[in-house]
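Q: from the sequence below, what's the structure:
(2 chains)
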Amino acid sequence: MTIPEQEFDRRPWLLLTPALLSITALVVIPMSFILVSSFYENIDLAVDRVAFQFSNWTALFTDTYYLTAIWKTLRLSVIVTVLAAVLGYIPAYFIARTKFRQKWLLLLLLILPFWVSFIIRTLSWIHILGNQGALNGLFQWLGLTDAPIQMMYNETTVIVGFLHVFLPYMILNVYVSIDGIDENLEPAARTLGATPWQAFREVTLPLSLPGLAAGSLLVFVLTGGSYVTPLILGGPSDYLFGNLIYDAVVSELNWPMGATLSFTLLVLLGLVVVIYSRFMGLNQLSKAFR
Amino acid sequence: MRAWSLIRFYTILVYVFMFAPIAVVLLLAFNNSQFGGFPIDGFSLRWFYKLAENEAIIRAFKTSFILGLLTALVSTSIGVLASLALVRYQFRGKDLITTMLISPVLVPETVLAVGLLIFLRWLHMPRSFLLLLLGHSIIALPFVVLVVQARLVGIKKEYEEAARSLGANPVQTFLQITLPLLMPAVFAGALFAFTISFDNITATIFWRPTGMETVPTQIFGMLRNSVSPEINALGFVMIVITVGLPLLAGGLARYFARKKT
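A: Residues are numbered from 1 along each chain as shown, chains lettered A, B, ... in the order given. Alright, predicted model coming up:
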């Protein structure tokens, strides 16, 4: 099938039409609507007026309530990302390099959590850390304590919940990266006199950075955009920026403020994605699917 | 290799971290106790019976199931067409188009949800099942595209060209050559889309019409008090559906593939 180059080929565009139309109508246009309605004025519950004024934006930049939430969100996202990288790198390395014949099983187990309901996985931590949880049961059985120890509904449980849900993304991305590195490189470095640690640090680690970066981006952005996990596992002071959006839209029915907050979150997390794609390109992200 | 056994031990610990909580839910679903947590009072199926009598949950299950099926249908149809264009044709602006297609993943789901809602408000349209369907489809679309694209790259163009040279028209070629070869990817994509829809809560909370619940939002609502034993039983059922069925399907496919050869 050779097509003369000067002739415009309509077929790919026909195939793309449904996808592009739906993305435009359901993502691109709504995103611009967020920006527009962030200038609207909120009058009462669910009542707003078309306007071009900056009260929502002024509130965002002056009210410490919002600024604290931004700080909290960035801080928590960094913590979760770093912990996920530390927890996830070693298993990824193990799966990529093991001579274990049932390697497919390890990989399958890595994908399985994606199929288990997010909310079930999140609430399952109440069974581990809660007052009636496995750990408290164990402590009482061992006679370490009489009354249950309060371990739930704080920042740590929120972090654990996030880690539990997002860790597979990290492991999978790092695994794909390490699996693509020539297995002979480390032994080669060894014969040239490198210690095992040196060989890893100077050969494998740098080559696996694209996967580590892709995994980190996913974990960071997914954590930064969440609001359900803090609602289930966190206490009253464990809110993220997403929770403010939820409160503004669902509880206060303040649409203009909800729009302002949403746009801010979009820009904050969008910046991270843009910086990442400048250095890495977005292709790395899709490698985990191959 | 002491370092290696440490790495192995660490890996086992991480796997325990990932699966122990899930195992606990599965275990507690059979707990006779009237509380959702430990200690275990003995084996009982009563929470499953209780679950089957809970009309709100049954209704949520139906909603989620239909929504998941339709989402799979819509996003897979759109996604397969788009993947064909991306893999089989060269055209200008492909990178931009690819970025656009995966953009629903890059936009935080909360923002996507609020944005679509504000747009709808401007159009004076109420929240509806259709909104959930379209929204879920757009969230699932990038994953379908990635899965189908990855598979399509592996199908040789020569098969299609051979069919064309033997006189088949493009539609015949697609239906009789490309689609059958692509079927595993279509299934994988559809299954992925179903799971994404069935599991979605972040956007669903914003989009659902008043009074409509999907299984995750229903569980979320029930959580307000504490984890009831019914939730554990429901968790068990959901895990069986979203993990058990795909595993069974995959296992059967593998079994029959082996039998053939």
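Q: how about A:L123, what does it touch?
A: Residues near A:L123 by C-beta atoms under 8 Å, 6 or more residues apart in numbering or on different chains: A:I232, B:V25, B:I219, B:L223, B:V227, B:I231, B:G235. Using the backbone N, CA and C atoms, a C-beta is placed for each residue, glycine as well.
Q: the helix or strand in which A:S77 is found near chain B anywhere?
A: Taking DSSP states H and E as the definition, A:S77 sits inside helix A:64-97. Yes - using C-beta under 8 Å from any C-beta of the partner chain, helix A:64-97 reaches chain B at A:L87, A:G88, A:I90, A:P91, A:Y93, A:F94, A:I95.
Q: in the helix or strand just after that helix, what's buried?
A: Using DSSP H and E, the helix or strand that follows helix A:64-97 towards the C-terminus is helix A:103-115. Residues A:L106, A:L107, A:L110, A:L112, A:P113, A:F114, A:W115 are the ones in helix A:103-115 that count as buried (16 or more other C-beta atoms under 10 Å in any protein chain shown).
Q: same thing with stretch A:42-49?
A: A:N42, A:D48.
Q: tell me where the model's unsure across chain A.
A: Regions of chain A meeting the criterion pLDDT under 70 cover residues A:1-7, A:283, A:286-290.
Q: can you tell me the centre-most residue of it?
A: A:L222 (2.1 Å; C-alpha atoms, centre = their mean).
Q: contacting residues for that one?
A: By C-beta under 8 Å, 6+ apart, the neighbours of A:L222 are A:F166, A:Y169.
Q: look up phi and psi at it.
A: Dihedral pair for A:L222: phi -70, psi -40, per degrees, to the nearest 10.
Q: out of the contacts of A:L123, which is nearest to B:A85?
A: B:I219 (38.8 Å; C-beta to C-beta).
Q: secondary structure element for the closest residue to that closest one other than its chain neighbours?
A: Counting by C-beta to C-beta, 6 or more residues apart in numbering or on different chains, the nearest residue to B:I219 once its immediate chain neighbours are dropped is A:I119, at 5.2 Å. Per DSSP H and E: A:I119 is located in helix A:118-129.
Q: next SSE downstream of that helix?
A: helix A:134-141.
Q: sketch out the low-pLDDT regions of the stretch 101-250 of chain B for me.
A: Applying pLDDT under 70 to the stretch 101-250 of chain B flags residues B:225.
Q: can you name the residue of it nearest chain A?
A: As assessed by C-beta to the nearest C-beta, chain A sits closest to B:P108 within the stretch 101-250 of chain B, at 2.9 Å.
Q: and residue 153, what is it in contact with?
A: This is for chain A. For A:Y153, counting by C-beta under 8 Å, 6+ apart, the contacting residues are A:L233, A:G234, A:G235, A:D238.
Q: not what I meant, chain B
A: So B:V153 contacts B:V87 (C-beta under 8 Å, 6+ apart).
Q: chain B contacts on the stretch 151-290 of chain A?
A: Residues of the stretch 151-290 of chain A lying near chain B by C-beta under 8 Å from any C-beta: A:164, A:167-168, A:171, A:196, A:221, A:224-228, A:231-232, A:242, A:245-246, A:249-250, A:255, A:258-259, A:262-263, A:265-266, A:269-270, A:273, A:282, A:285-286, A:289-290.
Q: what ranges do the helices span in the stretch 101-250 of chain A?
A: For the stretch 101-250 of chain A, helices defined by DSSP state H, counting those that start in this stretch occupy the ranges A:103-115, A:118-129, A:134-141, A:155-179, A:185-191, A:196-199, A:205-224, A:228-233, A:241-246.
Q: kindly apply the preceding question to chain B instead.
A: Ranges of helices in chain B, per DSSP state H, are B:2-28, B:46-53, B:55-88, B:94-106, B:109-122, B:129-153, B:157-165, B:170-173, B:179-199, B:204-207, B:215-222, B:229-239, B:245-260.
Q: hang on, the earlier thing: of the buried residues of helix A:103-115, which ones also sit close to chain B?
A: A:L106, A:L112, A:P113, A:F114, A:W115.
Q: going by distance to B:G251, which of those wins?
A: For those, the nearest to B:G251 is A:L112 (13.5 Å; C-beta to C-beta).
Q: report the contact partners of the residue positioned nearest the centre of chain B.
A: Centroid-nearest residue in chain B, with C-alpha atoms, centre = their mean: B:T195, separated by 1.7 Å. By C-beta under 8 Å, 6+ apart, the contact list for B:T195 reads A:F114, A:W115, B:G68, B:T242, B:P246.
Q: same check, this time on B:S44
A: B:F30, B:N31, B:N32.
Q: what's the spatially closest residue to the last one that is not a sequence neighbour sitting at in phi/psi?
A: Excluding the flanking residues, the one nearest B:N32 by C-beta to C-beta, 6+ apart is B:S44, at 3.6 Å. When quoted as degrees, to the nearest 10, the phi and psi of B:S44 stand at phi -160, psi 150.
Q: and for B:F91?
A: Torsion angles, degrees, to the nearest 10, at B:F91: phi -150, psi 170.
Q: quick check, pLDDT for it.
A: What the model reports for B:F91 is a pLDDT of 84.
Q: okay, now the residue of the stretch 151-290 of chain A found nearest chain B: neighbour count?
A: Of all residues in the stretch 151-290 of chain A, A:G225 sits closest to chain B, at 2.9 Å by C-beta to the nearest C-beta. Counted by other C-beta atoms under 10 Å in any protein chain shown, the residues lying close to A:G225 total 24.
Q: go on, the one 3 residues further on?
A: The burial metric for A:V228, expressed as a neighbour count using other C-beta under 10 Å, is 23.
Q: if we can go back for a sec, turn the ones next to chain B among the buried residues of helix A:103-115 into a markdown table, columns for distance to A:A213.
A: Output for these, formatted as a markdown table (distance: C-beta to C-beta, whole Å):
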| residue | distance to A:A213 |
| --- | --- |
| A:L106 | 23 |
| A:L112 | 25 |
| A:P113 | 22 |
| A:F114 | 21 |
| A:W115 | 26 |
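Q: go through these and name the one nearest A:W13.
A: A:F114 (33.0 Å).
Q: chain neighbours aside, what residue packs nearest to the closest one?
A: With C-beta to C-beta, 6+ apart as the criterion, A:F114 has its nearest non-adjacent residue at 6.2 Å, and that residue is A:P168.
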